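S.K.: Sequence unavailable; structure follows:
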């Protein structure tokens with residue numbers, strides 16, 4: 001486990017359990033190829049998703065003029081904007097995978113129901129999707145039935 005501390009050392013995440021979702025693209029600035037987000041020549045900025053689902057940006061400038069290695073927490077909205085600005089090779093796939101607003105089912109599938117946001121780790125969400133597909137149900141319906149059965 002490699003702990004990465006940020007927020008003045010008050011927070012950390014396990015880099016080994018995180019996923020590098022996107023690395024910034026590069027473009028010619030008239031003199032050099034530089035990172036689209038960071039502007040660095042020798043290093044690139046990256047966007048990570050932690051095991052708990054948080055978004056963390058890394059801009060490591062240690063090889064360029066002995067600069068800082070900065071880690072910062074981003075909101076989901078900021079992370080989406082980062083991906084769009086980054087010109088990463090797989091931008092469309094990243095946006096579809098992590099920021100798609102499409103729903104599995106119509107919003108009125110449970111009239112009178114109360115919607116609550118719930119976060120799942122990526123691996124758990126994949127298992128739920130597999131189980132829901134086997135049962136011929138949408139993910140929300142499968143989760144509702146699983147909770148009802150557990151009560």
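M.R.: Here it is on my side, so go on. Please read all numbers here as calculations on a predicted model, not as lab measurements.
S.K.: For the helix or strand hosting residue 134, could you pull out the residues that count as buried?
M.R.: Here residue 134, judged by DSSP states H and E, is contained in helix 122-135. The neighbour-count check on helix 122-135 (16 or more other C-beta atoms under 10 Å) flags 128, 132 as buried. Yep, even glycine has a C-beta here, placed from its N, CA and C like the rest.
S.K.: by contact count, what packs against that helix?
M.R.: Packing contacts for helix 122-135, counted by 3 or more C-beta pairs under 8 Å, 6 or more residues apart in numbering; DSSP states H and E, involve helix 139-150.
S.K.: Show the average pLDDT along the helix it packs on.
M.R.: Confidence for helix 139-150, expressed as mean pLDDT, is 83.
S.K.: List the buried residues of it.
M.R.: 139-143.
S.K.: That one vs helix 122-135, what angle?
M.R.: Angle, helix 139-150 to helix 122-135, by axes from the mean of the first three to the mean of the last three C-alpha atoms, to 10 degrees: 90 degrees.
S.K.: OK, contacts around the residue positioned nearest the centre of the chain?
M.R.: Residue closest to the average C-alpha location in the chain (C-alpha atoms, centre = their mean): residue 49, at 4.1 Å. Neighbour list for residue 49: 18-19, 21, 55-56, 98, 122 [criterion: C-beta atoms under 8 Å, 6 or more residues apart in numbering].
S.K.: That'll do, ta.
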